[in-house]
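**Student:** Take a look and give me a structure for this.
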Amino acid sequence: MPTATYAGHDVDVNDEGFFLDPSAWSEEMAPDIAKDAGVDELTDRHWDVIRFMRHEYDEHGAGPTVRVLGKASGVSVKELYQLFPKGPAKLAARIAGIPKPRGCI
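**Tutor:** Now for the predicted structure:
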């Protein structure tokens with residue numbers, strides 16, 4: 001089982017870098033995860049999406065799709081692709097420490 005080190009903490013991840021235990025995630029890890037995934041700096045808009053992803057996971061047990069994310073997060077789909085260019089739902093979920101949303105390849 002692969003591990004990664006973020007903010008000085010070793011965590012178990014799958015082959016795509018998603019946390020196996022979302023409760024092991026903390027906000028201090030997010031900048032390291034983002035850099036690892038190709039996002040150099042997390043802005044307030046990134047954090048809006050990351051926190052929304054965590055909230056949706058906590059409420060529903062799964063991260064939202066891009067469509068739901070664009071409608072409910074307050075960030076347009078166009079802006080989501082600017083913030084998370086390699087696939088907003090998948091990349092935001094990884095940075096938020098939650099499993100890959102259903103339907104993401």
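**Student:** Am I right that residue 53 sits in a helix?
**Tutor:** Yes. Secondary structure of residue 53 (DSSP: H, G, I helix; E, B strand; the rest coil): part of a helix.
**Student:** and it, how many residues sit next to it?
**Tutor:** Here the neighbour count serves as a burial measure; for residue 53 (other C-beta atoms under 10 Å) it reads 24. All C-beta atoms are positioned from the backbone trio N, CA, C, and that covers glycine.
**Student:** Could you measure from the nearest residue to it once chain neighbours are set aside over to residue 60?
**Tutor:** The shortest distance from residue 53 to any residue that is not its chain neighbour, by C-beta to C-beta, 6 or more residues apart in numbering, is 4.0 Å, and that residue is residue 96. Distance, residue 96 to residue 60, by C-beta to C-beta, to the nearest Å: 14 Å.
**Student:** give the contact list for residue 52.
**Tutor:** 64, 69, 72-74 (C-beta atoms under 8 Å, 6 or more residues apart in numbering).
**Student:** Show the buried residues in these.
**Tutor:** Restricting those to buried positions leaves 64, 69, 73, with burial counted as 16 or more other C-beta atoms under 10 Å.
**Student:** measure residue 27 to residue 47 for me?
**Tutor:** Spatial separation of residue 27 from residue 47 under the definition C-beta to C-beta is 8 Å.
**Student:** among the contacts of residue 52, which two are most distant?
**Tutor:** The span of these, defined through C-beta to C-beta, is set by 64 and 74 at 12.5 Å.
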